[in-house]
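K.L.:
Sequence first, then the predicted structure, then my questions.
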Amino acid sequence: MHYDDYLQLDKILNAQDPESVKKGKPAHDESLFIVIHQAYELWFKQLHTEVDSALQLLKNPALNDNSPELQTLVHRLDRCTIILRVLVNQIDIMETMTPSDFLEFRDLLRPASGFQSWQFKELEAKLGLKYAHRHGQEYYTSQLRPEQVELIRKAESEQSILQLLNAWLERMPFLDEEAADFWPLYTAAYKSSLSPEEQSAAAAFDQIFLEENTERTLSPRACRAALFIMLHRGYPLLHLPFRLLNVLLEIDSQLSLWRYRHMNMVQRIIGIRMGTGGSTGKDYLKGAADKHYIFREIAGLTSFLVASEKIPPISSDAQQLLGFRFHK
């Protein structure tokens, strides 16, 4: 095996074919533009590999929290956050291109556009972004090829990370045993912690943790489990579940950061012009950045935490279950 052959470098290094060169007026920065976007698509492909693995683990009828399975799930999703940071940092390289540099070849790209990145849309669907929550639905898939639209629709029809997370949280084994004692005490502790200006949060608490709501992906039972994990993350058995919730929030954070960095870069380079694919450019990107939060339901649960000294104690049986196991 040779390095060149293993990596198929002949294909990769000859995959850049600038339009400006074809036209006989080479634009220096078009090569940079192509390489950056090719690198994005390669990283998107790796993100799909990691997310597909996470989906398979979460689809198991019983994900063993006290086994390597949960560690593997957290590890692979954590790798996604590191890759997303690389994608954000690639914008630094793109921003070395001035508006004038881009204008040398921009018109040659029409109607090609980053909006046609079907891998990114499919990734969002696998994570849990529903079509109903998308910005710009009218042209969300309008510029994609039929086979690409089919891939995205298939991802939307299958269970997402967010949906499978809901099922995993609902399986928390000690939730029922603690419900009779812990939750009434915690509800009272939370509501008593609210200032007069925060009293509307009491109704929100009941709505999220007690009342079924078809507009939400996380059920009340799943929300109670997630909040319980956040409150008792210090117990050994809940370390990894807490990291899982946190890593999903970090994925959202990095996606959001990428969208805002991309939006600001577009505004700097093309101003108020339309995108090459016909989108509204910066305005579309801002709408997507404001709306496309996939794990917002998890993030919202932090509104219902209380200070550690106000958390009601859990039963001794639950403490033993959540702690280290010692065998004589």
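P.N.:
Arrived safely.
K.L.:
so what does whichever helix in the chain runs longest touch, helix or strand wise?
P.N.:
The longest helix of the chain (DSSP state H) is helix 239-270. Other helices and strands packing on helix 239-270, by 3 or more CB pairs under 8 Å, 6 or more residues apart in numbering; DSSP states H and E, are helix 68-94, helix 99-103, helix 161-170, helix 220-231, helix 282-291, helix 296-299. To be clear about C-beta, it is placed using only N, CA and C from the backbone, and glycine gets the same treatment.
K.L.:
Point out where the stretch 151-300 of the chain drops to low pLDDT.
P.N.:
174, 177-179, 270-282 (pLDDT under 70).
K.L.:
follow-up on the earlier one: wait, which of the helices and strands packed on helix 239-270 is closest to Asp181?
P.N.:
With CB to CB as the criterion, Asp181 lies closest to helix 220-231 of the helices and strands packed on helix 239-270, at 12.7 Å.
K.L.:
what's the closest one in contact with?
P.N.:
Residues from elsewhere that reach helix 220-231 (CB atoms under 8 Å, 6 or more residues apart in numbering): 165-167, 169-170, 172, 175, 178-179, 182-183, 186, 208-213, 218, 238, 241-242, 245, 297-298, 301-302, 304-305, 311.
K.L.:
Of those, keep whichever come out buried.
P.N.:
Listed as buried from the contacts of helix 220-231 are 165-166, 169-170, 172, 175, 178, 182-183, 186, 208-209, 218, 238, 241-242, 245, 297-298, 301, 304, 311; burial here means 16 or more other CB atoms under 10 Å.
K.L.:
Figure out which of the helices and strands packed on helix 239-270 is closest to Ile34.
P.N.:
Taking those one by one with CB to CB, helix 68-94 is closest: 11.6 Å.
K.L.:
how about the closest one: buried residues?
P.N.:
69-70, 73-81, 84, 87-88, 90-91, 94.
K.L.:
Same check on stretch 307-327?
P.N.:
So, applying 16+ other CB under 10 Å, buried residues of stretch 307-327: Ile311, Pro312, Ile314, Ala318, Leu322.
K.L.:
Now it: average pLDDT?
P.N.:
Averaged across stretch 307-327, pLDDT comes to 80.
K.L.:
Same check on stretch 122-140?
P.N.:
So the average pLDDT for stretch 122-140 ends up being 84.
K.L.:
And it, how far out from the chain middle?
P.N.:
Here stretch 122-140 is found 12 Å from its chain centre; the criterion is CA atoms, centre = their mean, to the nearest Å.
K.L.:
measure it end to end?
P.N.:
11 Å (CA to CA, to the nearest Å).
K.L.:
can you pull the buried residues of it?
P.N.:
In terms of neighbour count (16+ other CB under 10 Å), stretch 122-140 has its buried residues at Glu122, Leu123, Glu124, Ala125, Lys126, Leu127, Gly128, Leu129, Arg134, Gly136, Tyr140.
K.L.:
Verify the contact between the first one and Ala155 for me.
P.N.:
It refers to Glu122. Yes: with contact defined as CB atoms under 8 Å, Glu122 counts as touching Ala155 (4.9 Å).
K.L.:
and for those two, which residues touch both?
P.N.:
In contact with both Glu122 and Ala155: no residue, using CB under 8 Å, 6+ apart.
K.L.:
Any idea how many residues pack against the nearest residue to Glu104 once chain neighbours are set aside?
P.N.:
The shortest distance from Glu104 to any non-neighbouring residue, by CB to CB, 6 or more residues apart in numbering, is to Ala27 (3.8 Å). Residues near Ala27, counting by other CB atoms under 10 Å, number 20.
K.L.:
how about Ala27, what does it touch?
P.N.:
Pro18, Ser20, Asp101, Glu104, Phe105.
K.L.:
So which of these wins on neighbours?
P.N.:
Phe105 (22 neighbours).
K.L.:
pLDDT value on that one, please?
P.N.:
92.
K.L.:
Excluding covalently adjacent residues, which one is nearest to it?
P.N.:
Ala27 (4.0 Å).
K.L.:
And that neighbour, its phi and psi?
P.N.:
Ala27 adopts backbone torsions of phi -100, psi 120, taken as degrees, to the nearest 10.
K.L.:
ok, it to Asn14 distance?
P.N.:
19 Å (CB to CB, to the nearest Å).
K.L.:
Averaged pLDDT, the helix or strand where Phe44 lies. What do you get?
P.N.:
Element membership for Phe44, per DSSP states H and E: helix 30-58. Per-residue pLDDT over helix 30-58 has a mean of 97.
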